[in-house]
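>>> Structural data only, the sequence is not supplied:
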Ligand SMILES: N[C@H](CCC[C@H](N)C(=O)O)C(=O)O
């Protein structure tokens with residue numbers, strides 16, 4: 001089975017063409033292909049599929065096999081995939097996801113997509129829709145304890161759940177210890193992606209992320225969007241900022257008039273491969 005390895009800011013996935021192959025159990029396949037020793041190695045897999053509602057549809061599975069509602073870094077790569085492989089000749093396309101239909105505006109250089117701006121839709125702020133067990137509305141300052149420390153989280157969904165807290169120094173934050181505890185905390189009925197954010201200035205945030213189902217990744221597109229929203233709700237940043245991640249930078253804007261969040265960032269194809277393990 002052919003696959004394409006791509007990444008957005010180092011958040012790397014394996015892309016499978018659902019127009020050509022049929023994957024019987026994508027959850028099980030995600031676990032095997034994502035394994036960095038016995039498989040290809042990735043943060044998960046992404047299926048590119050036909051759609052009745054949009055130009056294409058995507059399904060995304062984390063490294064643990066769980067299916068996520070949406071993936072920001074992956075959707076930019078899906079746009080690149082379908083354009084570069086001439087499945088479309090349009091640079092403005094729509095992609096259906098479990099979080100709804102998203103609109104991409106792609107940049108082409110030398111005949112290939114290098115960058116995309118994605119309309120990620122409106123942030124979801126009601127506790128029950130995120131979901132998070134909280135009496136707060138919006139959920140700003142929900143305290144969650146981990147290893148004896150009380151963290152004040154702001155919770156936002158971009159179709160998938162995020163919990164954001166602000167720290168002094170992301171480079172030296174014990175993410176490997178704290179992240180897994182927050183991910184599965186009882187306050188998050190569908191688990192959560194946990195973002196740890198350092199404010200550099202009114203237009204710049206540094207973020208590390210412990211992703212639901214994948215652990216620490218080098219970047220999280222939906223997480224960067226949720227982080228910007230949390231930054232605005234906490235009056236720490238303006239409505240447009242650069243989110244600096246371990247794997248690269250994303251430009252995020254929460255447009256006041258439309259209430260939509262826009263994410264801009266790169267998409268890279270690393271290699272094409274052949275999966276031999278069934
Ligand atoms: N782990 C996430 C899905 C991938 C999100 C992230 N990689 C992105 O770029 O948005 C979740 O279970 O909600």
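Structure's in. What do you need? Not measured: the values here are computed from a predicted model.
>>> Helix, strand or coil: sort out residue 141 for me.
Classification of residue 141 by DSSP: H, G, I helix; E, B strand; the rest coil places it in strand.
>>> Remind me which helix or strand the closest residue to it other than its chain neighbours belongs to.
Nearest non-adjacent residue to residue 141, counting by C-beta to C-beta, 6 or more residues apart in numbering: residue 152, 4.6 Å away. Placement of C-beta: from N, CA and C, glycine included. Assigned by DSSP states H and E, residue 152 falls within strand 149-157.
>>> Please enumerate residues in contact with that strand?
123-125, 127, 129-132, 134, 138-145, 161-165, 178, 182, 192, 226, 229-230, 233-234 (C-beta atoms under 8 Å, 6 or more residues apart in numbering).
>>> Could I get the pLDDT score of the closest residue to residue 174 other than its chain neighbours?
Spatially, and ignoring its direct neighbours in sequence, residue 174 is nearest to residue 147 (7.9 Å; C-beta to C-beta, 6+ apart). We note a pLDDT of 98 for residue 147 in this prediction.
>>> OK, contacts around residue 147?
By C-beta under 8 Å, 6+ apart, residue 147 lies in contact with 174, 177, 178, 181.
>>> Thought residue 6 was touching residue 77, still the case?
Yes. Using C-beta atoms under 8 Å, residue 77 is in contact with residue 6, at 4.1 Å.
>>> Find the residues that touch each one of the two.
With C-beta under 8 Å, 6+ apart as the test, residue 77 and residue 6 both reach 13, 15, 267, 268, 269.
>>> Among those, which one lies nearest to the ligand?
Set against the ligand, the nearest of those by C-beta to the nearest ligand atom is residue 13 (8.0 Å).
>>> in which helix or strand would I find the closest one?
Taking DSSP H and E as the definition, one finds residue 13 inside strand 11-17.
>>> ok and the following helix or strand past that strand relative to strand 11-17, angle-wise?
Next helix or strand after strand 11-17 toward the C-terminus (DSSP H and E): helix 26-34. Angle between the axes of helix 26-34 and strand 11-17 is 120 degrees (criterion: axes from the mean of the first three to the mean of the last three C-alpha atoms, to 10 degrees).
>>> what does helix 26-34 contact?
3, 14, 23, 38-45, 47, 59, 61-67, 214, 275, 277.
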